[in-house]
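S.K.: next comes the sequence, and after it the predicted model I'd like to discuss.
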Amino acid sequence: MRPAPGTGPGPQVAALPPGREAPPIDIRAALRAGAGGRGAGRGGIEGEPIPLDTRDPRFSDYLDRVRRMIKERWGYPCVKNPATRECEYKSAQLVVEFGIAKDGRVPFITLVRSSGWAIYDDYAINAIKLAAPFPPVPDSISPKGIPILATFNYVVDTSLTNLLR
């Protein structure tokens with residue numbers, strides 16, 4: 001005799017032992033890591049990163065274009081005060097290393113130094129992602145692509161200012 005439809009054993013689902021909970025997922029860290037996470041490689045991009053604000057004439061024209069593209073997509077988010085729920089702006093600085101492949105794609109983005117405010121880190125990293133793809137890397141700069149070191153400065157002054165170097 002067969003059990004009536006819908007009354008038989010259901011699919012088996014793995015469960016944690018009693019008293020144990022699954023570790024929380026840090027979605028922001030996962031988003032910052034990008035596809036493949038850490039150790040996924042640098043897309044063939046090698047060498048020391050070039051500061052985005054370099055004055056070296058070999059790189060300055062190209063990196064000025066990259067900086068403008070990122071800045072157009074970069075915002076200054078507020079930090080909610082947990083006690084008052086008011087929007088506050090903080091001065092902060094963070095450093096990001098990212099690579100631009102020969103064809104303008106961005107194969108990796110790494111948060112080198114956090115601002116201490118996850119929302120500021122996320123806005124800076126997302127600005128790079130939204131600005132991509134960048135113009136192709138000129139042969140005079142590199143045959144494979146270039147690593148770039150960008151410093152994002154959030155400055156509270158008499159007016160809100162974003163500085164990207």
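M.R.: Arrived safely, thanks for sending.
S.K.: what about the strands in the protein?
M.R.: 50-51, 79-80, 87-88, 92-101, 109-113, 145-156, 160-164 (DSSP state E).
S.K.: so which of those strands is the most packed in?
M.R.: Mean neighbour count, computed with mean count of other CB atoms under 10 Å, is highest for strand 92-101 among these, reaching a mean of 22. For every residue, glycine as well, the C-beta is placed using N, CA and C.
S.K.: contact partners of that one?
M.R.: Contact with strand 92-101 is made by 42-45, 49, 66, 106-117, 120-121, 124-125, 128, 132, 134, 137, 144-154, as judged by CB atoms under 8 Å, 6 or more residues apart in numbering.
S.K.: residue 81: how many residues sit nearby?
M.R.: 10 (other CB atoms under 10 Å).
S.K.: and the pLDDT for it?
M.R.: If you check residue 81, the pLDDT there is 88.
S.K.: residues contacting it?
M.R.: Contacts of residue 81 by CB under 8 Å, 6+ apart are 87, 88.
S.K.: distance check, it against residue 155.
M.R.: 19 Å (CB to CB, to the nearest Å).
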